[in-house]
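> requesting a structural model of the entry that follows:
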Amino acid sequence: MKVCQIMAGDEEGGLENHFVELSNGLLEHADSVIAVGHAKYRERFAPGVKFIALDLSGGRRNPLLLVRLALILRREAPDIVHAQANKAVEMLARIRALVPGYHIGTIHNRKKSTGMFSHMRTVIGVSKGVVANLNHPDLRVVYNGMKAYQGEALGKAQLASRFGLDPAVPITLSVGRLVPTKAFDNLLNAWQPEHGQLIIVGDGPQRASLEQLIVERGLEGRALLAGFCSDVRGMMSAADLLVFASHREGFSYALAEALLCRLPVLSTRVPGAEEVLPEQHLVPVNDVPALSAALTAVIADLPATAQAQDELFAWAAKVLTVEHMVADTAAIYQSVPGQSAL
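Down below sits the predicted model:
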């Protein structure tokens, strides 16, 4: 079986990791794997993956890009064409009459516009929440999986020393791009000095406004923006809690990382988190007082918070791995009409 993965983005995050790791993992399940995406990702693919560089980050209605994509797919003639996320799915939908193979789209986040998925024969969601309102005859769910961490697991003293913090005071992490959907402004407005110390890991266009908010709220020394950190998994080993204030998610890679590190999580009620976290560790979206109260409760008894998620940590160790994600995806390919066993 020949499988082709398509991604239209050019950024760095969970989608991009999913695209690369799924393509590489499928080498053990398919006769041939092709990946079509931006040239910047070329070196991340295993030698067995046939990578075809095509910058699809421009307009999804660009006729030149659509023609180039159609020509590539007609030339390669894959059995399975699997588009990752809304933009790639919409582009595949626009050229579907010209493209051979069985068409699959994966939805990575809950968005208002999902009509393009109606043109896919099978739709995969990275959580139950992202496909909950989608009307389609063949919906599947495959959770994001993480590679085993190969880096250094930091101790709490190391983490505190790096950022000039007190190792005797609780340290909470929050991870994500500094963009409105992550609602870091809500998190900072919910944060109180008695909650301890907050490290926000990530970068983005809201950095300046968030720095100003830290000053306005008098949180210097209690909240800081760490920027991009390549060793987030190592930092999680030393932290006491991970918190999400997001307006929306699909199934956050940071959530998976935390659970695999046995780091307790508090989150707004977004897809992914709402499916796996205990009810007492979920708060309404965009409710700053509720988030603040929940932070007070969980930080007051961190051992109890961890104990309440103990079974979840065990589940994550089995399910939230790249191997499990790849195997589940390969099983879907095998199950579709007209395809023989992989």
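
> pretty sure Ser174 is touching Phe244, no?
Yes. With contact defined as CB atoms under 8 Å, Ser174 reaches Phe244; the gap is 6.8 Å. Where C-beta positions appear, they are placed from N, C-alpha and C, glycine not excepted.

> if I look at Arg162, how far off is Leu260?
Computed with CB to CB, to the nearest Å, the distance linking Arg162 and Leu260 is 22 Å.

> between those two, which is the more surrounded one?
The neighbour count for Arg162 versus Leu260, taken as other CB atoms under 10 Å, is higher for Leu260 (20 against 15).

> pLDDT score for the more buried one?
The pLDDT attached to Leu260 in the predicted structure is 94.

> my guess is it contacts Ala317, does it?
Yes. Under the criterion of CB under 8 Å, Leu260 makes contact with Ala317 at 6.5 Å.

> name the nearest residue to Ala306, sequence neighbours excluded.
In space, Ala306 comes closest to Pro264 once its chain neighbours are excluded; the distance is 4.8 Å by CB to CB, 6 or more residues apart in numbering.

> ok, that neighbour - contacts?
Applying CB atoms under 8 Å, 6 or more residues apart in numbering, we find Pro264 in contact with Asp240, Leu241, Leu242, Ala258, His281, Val298, Leu302, Thr305, Ala306, Ala308, Gln309.

> from those residues, which is closest to Asp31?
Each of these was checked against Asp31 using CB to CB; the closest is Ala258, at 36.4 Å.

> Gly204 reaches Val179, doesn't it?
Yes. Assessed by CB under 8 Å, Gly204 is found in contact with Val179 at 5.0 Å.

> and His18, which of the three is it?
Look at His18: counting by DSSP: H, G, I helix; E, B strand; the rest coil, its state is helix.

> burial count for it?
Around His18 there are 25 other residues, counting by other CB under 10 Å.

> low-scoring stretches of the stretch 101-250 of the chain, by residue?
For the stretch 101-250 of the chain, no stretch has pLDDT under 70.

> helices of the stretch 151-300 of the chain, start to end?
Residue ranges of the helices in the stretch 151-300 of the chain, as given by DSSP state H, counting those that start in this stretch, are 156-163, 184-190, 207-216, 232-236, 253-260, 273-276, 288-300.

> present those as TSV; the columns should include distance to Pro137.
Shown next, in TSV, are the helices of the stretch 151-300 of the chain (distance: least, CB to CB, whole Å):
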stretch	distance to Pro137
helix 156-163	48
helix 184-190	38
helix 207-216	43
helix 232-236	38
helix 253-260	29
helix 273-276	22
helix 288-300	38
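
> what's the closest of these to Ile199?
helix 156-163 (6.2 Å).

> need the residues that contact that closest one.
Outside of helix 156-163, the residues that reach it under the criterion CB under 8 Å, 6+ apart are Leu154, Leu165, Asp166, Pro167, Ile171, Ile199, Leu224, Ala226, Met235, Ala238, Ala239.

> which of those residues has the most neighbours?
The most crowded member of the contacts of helix 156-163, judged by other CB under 10 Å, is Met235 (26 neighbours).

> verify the stated contact: Glu194 with Ala297.
No. Counting by CB under 8 Å, Glu194 stays clear of Ala297, with 11.9 Å between them.

> buried set for stretch 192-208?
Using 16 or more other CB atoms under 10 Å as the test for burial, stretch 192-208 gives His195, Gly196, Gln197, Leu198, Ile199, Ile200, Val201, Gly202, Asp203, Gly204, Gln206.

> next one: it to chain centre, how far?
Relative to its parent chain, stretch 192-208 has a centroid offset of 20 Å by CA atoms, centre = their mean, to the nearest Å.
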